[in-house]
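> Give me a model of this one.
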Amino acid sequence: MLDKVSTTDVATIMAEIGRNAKAAGRKLAIASTAAKNKALLAMADAIIAAREEILAANAKDLKQVEGKDLLPSFIDRLTLTEKSIAGMAEALREIAEFKDPVGEVIAAWDRPNGLKIERVRTPLGVIGVIYESRPNVTADAGALCLKAGNAVILRGGSDGMHSSQAIHQCLLTGLRAAGLPEHAIQIVPTADRAAVGAMLSGLDGAIDVIVPRGGKSLVARVQNEARVPVFAHLEGLCHVYVDASADLDMARNIIVNAKMRRTGVCGAAETLLIDRAAAATHLVPLLDALKAAGCEIRGSADVLLAYTMAKPATEEDWRTEYLDAVISVAIVDGIDGAIRHIDTYSSNHTEAVIAEDPAVVARFFNEIDSAILLHNASTQFADGGEFGMGGEIGISTGKMHARGPVGVEQLTSFKYRVHGTGQIRP
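Prediction:
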């Protein structure tokens with residue numbers, strides 16, 4: 001690993017990585033489904049075989065962050081276990097089972113002049129993935145990009161570099177087993193921030209799309225500086241609205257899961273909105289359940305009157321992605337109030353409604369413009385694996401090309417194939 005290199009050296013290294021990725025991408029674009037699947041299955045086997053080495057590498061990373069007063073959510077994302085390593089391998093096997101999107105005919109039609117036109121999926125080319133404290137992204141991103149026929153350049157954070165490099169070696173084993181170019185999945189060998197800047201510049205046209213996975217400052221930098229398209233979300237400011245028609249037991253189970261299952265994921269609920277018409281019956285039981293699960297509650301003035309164990313919520317609370325065992329709570333005037341609050345504060349990532357009234361659900365789905373909307377289900381389902389995608393390279397809240405979980409299909413573009421029989425244009 002190159003910890004400290006000159007700016008000139010970083011530029012040289014990154015330029016070579018870009019050239020190699022572009023060359024590998026051309027070969028991957030025409031690779032057979034069988035070869036890609038063989039590589040994915042070999043990668044999964046290699047991860048299982050190397051689990052002790054991966055755990056040892058992860059232990060080094062965890063040792064490096066000791067005493068840095070980091071949030072539990074950060075440590076949670078950084079930590080690998082036997083179970084999570086097995087999960088990585090299983091995700092690779094699932095991706096191998098997916099239909100290959102490359103070459104799929106999305107639409108076809110005939111013109112009056114006899115031309116036959118097809119819209120066909122093609123790889124994007126080279127994907128750049130920049131991530132922090134998430135070593136599992138190394139496997140997820142490498143596998144998804146490979147399946148979609150894309151080369152990928154991975155730049156993990158220094159906090160998880162040992163883990164990411166150990167996983168990357170397993171991915172290379174899979175590529176070699178299938179006879180695919182090793183430069184199809186490259187990992188940046190330096191923690192120097194200049195490498196990120198080089199990727200954001202596009203590496204002289206080598207990178208087609210950037211995907212950031214990390215904290216607000218990283219994603220903001222990527223969105224502000226990137227000279228290539230970006231699939232990203234700045235924050236996961238997710239809301240749960242409990243309507244007067246909601247079943248209380250269901251609401252209790254969903255809310256505790258949405259907030260507390262894993263507080264550090266982008267799909268964790270950060271704000272709870274309760275219908276004023278349900279406050280007398282639902283508010284205290286729901287907040288008691290959150291409190292019992294270890295969650296700090298910050299409430300609006302009317303919440304404080306009904307629940308004295310809550311702390312006062314400030315204007316900043318409604319705009320905060322806590323990524324911790326903290327939730328802000330407000331009482332709203334039915335679905336109208338919920339929509340107003342979400343429109344004002346949401347990051348357009350994920351929102352959930354708990355209700356039995358179909359008219360309320362219809363309005364929630366029709367009038368809220370977030371990437372993922374759920375009815376009677378936890379916001380923690382905002383995940384490509386849970387959507388049946390086998391994993392995701394990230395969640396996109398943008399409206400161009402990809403939105404929501406970015407899986408195999410979202411990592412493709414398309415081209416048109418036009419078949420004629422000698423037609424000329426008059």
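
> Start and end of stretch 174-194, how far apart?
By Cα to Cα, to the nearest Å, the extent of stretch 174-194 from end to end equals 30 Å.

> helix/strand/coil for the residue nearest to Asp192 when sequence neighbours are not counted?
Leaving aside its sequence neighbours, Asp192 sits nearest to Val10 (Cβ to Cβ, 6 or more residues apart in numbering; 5.2 Å). In this view, the C-beta of every residue, glycine as well, is placed from N, C-alpha and C. Using DSSP: H, G, I helix; E, B strand; the rest coil, the structure places Val10 in helix.

> residues touching Val10, list them.
By Cβ atoms under 8 Å, 6 or more residues apart in numbering, Val10 lies in contact with Thr190, Asp192, Ala194, Ala195, Ala198.

> Please flag which of those sit within helices.
Residues of those located in helices (DSSP state H): Ala194, Ala195, Ala198.

> Most neighbours of all those, which one?
Ala198 (26 neighbours; other Cβ atoms under 10 Å).

> if I look at it, how far off is Ile17?
9 Å (Cβ to Cβ, to the nearest Å).

> how does this protein divide into domains?
7-231+406-418, 238-381 (automatic domain parsing).

> check contacts around the residue nearest to Glu104 when sequence neighbours are not counted.
Among residues not flanking Glu104 along the chain, Arg121 sits closest, at 4.5 Å (Cβ to Cβ, 6+ apart). By Cβ under 8 Å, 6+ apart, Arg121 lies in contact with Pro101, Val102, Gly103, Glu104, Ile106, Glu409, Thr412, Ser413, Phe414.

> ok, what's across the strand from Arg121?
Phe414 (DSSP bridges).

> follow-up on the earlier one: possible to save the contacts of Arg121 as JSON lines with distance to Met389 and neighbour count?
Below are the contacts of Arg121 laid out as JSON lines (distance: Cβ to Cβ, whole Å; neighbours: other Cβ atoms under 10 Å):
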{"residue": "Pro101", "distance to Met389": "11", "neighbour count": "21"}
{"residue": "Val102", "distance to Met389": "16", "neighbour count": "23"}
{"residue": "Gly103", "distance to Met389": "19", "neighbour count": "13"}
{"residue": "Glu104", "distance to Met389": "15", "neighbour count": "14"}
{"residue": "Ile106", "distance to Met389": "17", "neighbour count": "12"}
{"residue": "Glu409", "distance to Met389": "8", "neighbour count": "16"}
{"residue": "Thr412", "distance to Met389": "13", "neighbour count": "22"}
{"residue": "Ser413", "distance to Met389": "18", "neighbour count": "14"}
{"residue": "Phe414", "distance to Met389": "19", "neighbour count": "15"}
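
> Strands - which of these land there?
Ile106, Thr412, Ser413, Phe414 (DSSP state E).

> can you give me the strands for the stretch 201-350 of the chain?
209-213, 238-242, 269-275, 296-299, 311-312, 326-332, 350-354 (DSSP state E, counting those that start in this stretch).

> Can you say which of the ones you listed is nearest to Ile95?
strand 209-213 (16.2 Å; Cβ to Cβ).

> Distance to Ala352 and pLDDT added to the contacts of Arg121, as CSV?
Shown next, in CSV, are the contacts of Arg121 (distance: Cβ to Cβ, whole Å; pLDDT from 0 to 100):
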residue, distance to Ala352, pLDDT
Pro101, 29, 96
Val102, 34, 97
Gly103, 37, 96
Glu104, 32, 97
Ile106, 31, 96
Glu409, 24, 92
Thr412, 29, 96
Ser413, 32, 96
Phe414, 32, 96
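
> Can I get the domains of the chain in CSV including distance to Gly394?
Below are the domains of the chain laid out as CSV (distance: least, Cβ to Cβ, whole Å):
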stretch, distance to Gly394
domain 7-231+406-418, 5
domain 238-381, 9
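
> Quick one: closest of these to Ile393.
domain 7-231+406-418 (4.7 Å).

> what about the helices in the stretch 301-426 of the chain?
Ranges of helices within the stretch 301-426 of the chain are 301-306, 334-345, 358-367, based on DSSP state H, counting those that start in this stretch.

> buried set for stretch 291-301?
Cys295, Ile297, Arg298, Gly299, Ser300 (16 or more other Cβ atoms under 10 Å).

> Ramachandran coordinates for the residue nearest to Ile297 when sequence neighbours are not counted?
In space, and not counting its chain neighbours, Ile297 is closest to Ala310: 4.3 Å by Cβ to Cβ, 6+ apart. Dihedral angles phi and psi of Ala310 (degrees, to the nearest 10) take the values phi -80, psi 150.

> where does the stretch 51-200 of the chain have low pLDDT?
Nowhere does the stretch 51-200 of the chain drop to pLDDT under 70.

> where's Gly267 relative to Ala178, distance?
Using Cβ to Cβ, we find Gly267 at a distance of 33 Å from Ala178.

> and if you look at Ala15?
27 Å.

> So the two - more neighbours on which side?
Comparing Ala15 with Ala178 by other Cβ under 10 Å, the one with more neighbours is Ala178, at 20 against 14.
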